[in-house]
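Undergrad: sequence first, then the predicted structure:
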Amino acid sequence: MAKQETPNQISELHSEMRAVFLSPSGEKVLNYLCKIAHVNEATYVPGDTHETAHREGMRRVVLSILRFIDKDPQELLNLPKETINE
């Protein structure tokens, strides 16, 4: 059985993830992850349940990161196109 993280460990991880993903380089990586993980688009693939599940799993991981660092996924809809395409 996995060991439960303490509130201090979670708080420390939260601070570390914010430091990583809210830095200029981290934001570029996060934007890229959002793009490839279909965060702002439908994950459903007609006729392909496996690909749909795969895309939804990728999306879920990135959304978990966004929630954990207190970043609203809707903010990413307003990014300049060149930032998203990098």
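TA: Cool, got the structure.

Undergrad: from here on, just use CA atoms for contacts and neighbour counts.
TA: Will do.

Undergrad: next up, the contacts around the residue nearest the centre of the chain.
TA: Among the residues of the chain, the one closest to the centroid is residue 62, at 2.1 Å (CA atoms, centre = their mean). Each residue near residue 62 by CA atoms under 8 Å, 6 or more residues apart in numbering is listed here: 33-34, 37, 39.

Undergrad: now the residues you listed: which count as buried?
TA: 33-34, 37, 39 (16 or more other CA atoms under 10 Å).

Undergrad: tell me the one of the residues you listed nearest residue 51?
TA: When the buried ones among the contacts of residue 62 are ranked by distance to residue 51 (CA to CA), residue 37 comes first, at 12.0 Å.

Undergrad: how near is the closest one to residue 25?
TA: Here residue 37 is placed at a distance of 18 Å from residue 25 (CA to CA, to the nearest Å).

Undergrad: check residue 9 too.
TA: Residue 9 is 24 Å from residue 25, by CA to CA.

Undergrad: try residue 63
TA: Taken as CA to CA, the span from residue 63 to residue 25 is 19 Å.

Undergrad: which helix or strand contains the residue nearest to the centre of the chain?
TA: Following DSSP states H and E, one finds residue 62 within helix 49-68.

Undergrad: buried ones in that helix?
TA: Those would be 55-56, 58-59, 62-63, 65-66, for helix 49-68 by 16+ other CA under 10 Å.
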